[in-house]
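Asker: Sequence plus the predicted model coming up.
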Amino acid sequence: MFAAVNKLFAHAGREYHLQAEDLGADLAAFEVRVYDGGAILWRKRVPYAELLAKKLPREEEDEAVRALMDKTLQTVQAAIVKGKLAG
């Protein structure tokens, strides 16, 4: 499975690098990191074992994990805008 989603997000004169990286089915989680100027500002592991328990076909499973990554990054962007992840 192993995938990553990277986004640049500009807010209040700063540019954040948002990254979600799949840690693999063995861990059934991905890690989200927010970088500011190359330094990790924030990180969190997001489990997806419930998604794997659905036993979806591989392609659908990959799409579901990626959709969860995208949704999580949107939530992180909202938190930055609200000042909850200010560096």
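Answerer: Noted; the coordinates are in hand. Numbering: from 1, shown residues only.

Asker: Give me the residue at the spatial middle of this protein.
Answerer: Nearest to the mean C-alpha position of the chain, counting by CA atoms, centre = their mean, stands Ala20 at 3.2 Å.

Asker: correct me, but that residue touches Val32?
Answerer: Yes. Assessed by CB atoms under 8 Å, Ala20 is found in contact with Val32 at 4.9 Å. (C-beta placed from N, C-alpha, C; glycine too.)

Asker: Check the contact lists of those two and give me the overlap.
Answerer: Overlap of the contact sets of Ala20 and Val32 (by CB atoms under 8 Å, 6 or more residues apart in numbering) consists of 46, 69, 72-73.

Asker: quick one: buried residues of the helix or strand in which Ile40 is found?
Answerer: Ile40 is part of strand 39-47 when elements are defined by DSSP states H and E. Within strand 39-47, the residues that count as buried by 16 or more other CB atoms under 10 Å are 41-42, 46.

Asker: want to try TSV for those, with pLDDT and distance to Ala28 as columns?
Answerer: As requested, these are arranged in TSV below (pLDDT from 0 to 100; distance: CB to CB, whole Å):
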residue	pLDDT	distance to Ala28
Leu41	94	25
Trp42	95	22
Val46	97	10
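
Asker: if we can go back for a sec, which residues touch the strand holding Ile40?
Answerer: In this structure, residues lying in contact with strand 39-47 by CB under 8 Å, 6+ apart are 16, 20, 23, 28-35, 68, 72, 76, 85, 87.

Asker: ok, back up a step: which SSE is the residue nearest to the centre of the chain in?
Answerer: Per DSSP H and E: strand 14-22 holds Ala20.

Asker: re the thing from before, show me which of the buried residues of strand 39-47 is closest to Ala4.
Answerer: Val46 (13.2 Å; CB to CB).

Asker: Bridge partners for Glu21, pull those for me.
Answerer: Beta-bridge partners of Glu21, counted by DSSP bridges, are Ala4, Glu31.

Asker: helices and strands around the helix or strand containing Glu61, which ones?
Answerer: In the assignment (DSSP H and E), Glu61 maps to helix 58-81. Contact partners of helix 58-81 among helices and strands, from 3 or more CB pairs under 8 Å, 6 or more residues apart in numbering; DSSP states H and E: strand 4-11, strand 14-22, strand 29-36, strand 39-47, helix 49-53.
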